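[1] The sequence and its predicted three-dimensional model are supplied below.
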Amino acid sequence: MDQSAIEAILAQCEESLARGDSVDLRGLGFWKVVAAVKRHPEWVETYAARIATIDRQAFDRSVRWRIGVETMGTLLWLGTAFGLLLLAAAARAPRPWKGLLLLAGTGLLTVATHDLTHLVVGRALGVRFSEGFLGGKLLIEPGLKIDYASYLRAPPRARAWMHASGAIVTKIVPFAVVILAWKQRAPRWATVALLASGVGALMTDVFLSTRYSDWMRFRREMRIARALERDGRQ
């Protein structure tokens, strides 16, 4: 894709957004533009802000439940702290409360640390986030909106590891709590449930995330990084 095609697609996206139309960015070719700009680092400064504006406007129209990124970060930290508190409380709890507290703490930690890790690692690597939101079918899954200007300006390997970071942490959590459950002599059913959740998360990564989610994005950005390094452009 050359720059004249990029200009035409971005202009079409901007015109559709300005008219207030229902905008299908994928159908308009917007994400093909993003992919092309990633493969040409010399184009990033020309298009990063423009791409970010289009992406943000489309996001604002499609996502209703949004909060400030700092507020979301605070909630994620609180969720992580409360999850750890539940795990600590399990050490002194009688059975079967010990098992229930371990499972509840693991679930809360898994949810909270996923996006929290994206936030912390992303900021450390130069990727910024504009706000938090609630998504999923029940509107209860926390998410972070990437600021696409900073995302494009970050090196592709940084983008890749930002995506991978959340997935890695959420796979560590249940197996770490399995060890804790064993040390606390938790009920066998709780240990089995924790182990099953960890294995289930791994299977989800293998069969779904590599095609649709974090690991798919990790692989995509690493392919770009290797291609640019091979061509001496990174």
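    Done, it's in.
[2] Is the spatially most distant residue from the centre of the chain part of a helix or strand, or is it coil?
    The outermost residue of the chain, judged against the average C-alpha position, is residue 94 (36.6 Å), by Cα atoms, centre = their mean. At residue 94 the chain is in coil, as set by DSSP: H, G, I helix; E, B strand; the rest coil.
[3] buried ones in stretch 226-234?
    residue 228 (16 or more other Cβ atoms under 10 Å). (Each C-beta comes from the backbone N, C-alpha and C, glycine too.)
[4] Please list the outside residues in contact with that stretch.
    39, 41, 155, 156, 225 (Cβ atoms under 8 Å, 6 or more residues apart in numbering).
[5] correct me, but the fourth one touches residue 219?
    I take that to be residue 156. No - at 11.4 Å, residue 156 does not count as touching residue 219 under the criterion of Cβ atoms under 8 Å.
[6] Among these two, which residue is more densely surrounded?
    Neighbour count, other Cβ atoms under 10 Å: between residue 156 and residue 219, residue 156 has more, with 22 against 16.
[7] mind checking how far the more buried one is from residue 220?
    According to Cβ to Cβ, to the nearest Å, residue 156 stands 9 Å off from residue 220.
[8] likewise residue 1?
    Note on residue 1: its distance to residue 220, by Cβ to Cβ, is 16 Å.
[9] residues touching residue 151, list them.
    Here residue 151 is in contact with 127, 128, 159 (Cβ under 8 Å, 6+ apart).
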